[in-house]
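Enquirer: requesting a structural model of the entry that follows:
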Amino acid sequence: MAGTRIGRGLAAALAAVALLVGPASAADDSRPLYGLMGRMLAKPGQRDALVAILLDGSNSMPGCLSYVVAKDVKDENAIWVSEVWDSKESHAASLNLPTVQAAIAKGRPLIAGFDSYTETMPVGGIGLKR
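Expert: Numbering: from 1, shown residues only. Presented below is the predicted three-dimensional model:
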């Protein structure tokens with residue numbers, strides 16, 4: 001059960017958050033955007049390695065408008081991931097991408113757990129183009 005939860009959490013995080021992925025735009029600007037924000041915990045001493053895996057697995061995800069991975073400044077093991085997608089369906093499809101699947105497999109052993117995870121409906125902001 002815990003392995004499944006970690007796999008889903010990492011999948012959500014991977015498909016959800018580090019580096020701006022580019023100026024992709026939704027075909028229909030009236031459709032609401034889909035967002036995810038989450039905080040995961042790396043095993044002690046593994047945060048930098050996990051950050052590298054998250055960033056490496058996020059190079060090309062169709063429909064991803066923003067994917068940001070950030071280190072928590074108060075917890076040396078915590079990582080925040082923030083994502084914006086043109087749709088919930090694009091996010092779901094990203095979980096089947098070979099690069100994302102490989103990152104999940106590689107990152108899973110470095111994860112201690114997940115603190116929080118939230119779905120959002122982004123409405124705009126600096127750097128976010130539709």
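
Enquirer: excluding chain neighbours, give the residue nearest to His89 in space.
Expert: No His there; residue 89 is Glu. In this structure, Glu89 finds its nearest non-sequential neighbour in Gly63, 7.9 Å apart by Cβ to Cβ, 6 or more residues apart in numbering. C-beta here means a position set from N, CA and C on the backbone, and glycine is covered the same way.

Enquirer: wait, doesn't that neighbour sit right on Val84?
Expert: No: distance between Gly63 and Val84: 9.8 Å, which falls outside the contact criterion (Cβ atoms under 8 Å).

Enquirer: any idea how far the residue nearest to Glu89 is from Arg47?
Expert: 28 Å (Cβ to Cβ, to the nearest Å).

Enquirer: give me the neighbour count for the closest residue to Asp72 other than its chain neighbours.
Expert: Excluding its sequence neighbours, the residue lying closest to Asp72 (Cβ to Cβ, 6+ apart) is Ala78, at 3.5 Å. Close neighbours of Ala78, defined as other Cβ atoms under 10 Å, add up to 17.

Enquirer: which parts of the protein are helices?
Expert: Along the chain, the segments classed as helices by DSSP state H run 2-14, 47-56, 88-94, 98-107.

Enquirer: which stretches of the chain have low pLDDT?
Expert: Scanning the chain for pLDDT under 70 picks out 1-29, 130.

Enquirer: so Glu119 sits right up against Leu33, yeah?
Expert: No: between Glu119 and Leu33 there is no contact under Cβ under 8 Å: 11.1 Å.

Enquirer: neighbour count winner among these two?
Expert: Neighbours were counted for Glu119 and for Leu33 using other Cβ under 10 Å; Leu33 has more, 21 against 13.

Enquirer: residues in contact with the more buried one?
Expert: The contact partners of Leu33, by Cβ atoms under 8 Å, 6 or more residues apart in numbering, come to Ala26, Leu65, Val84, Trp85, Asp86, Ser87, Met121, Pro122, Val123, Arg130.
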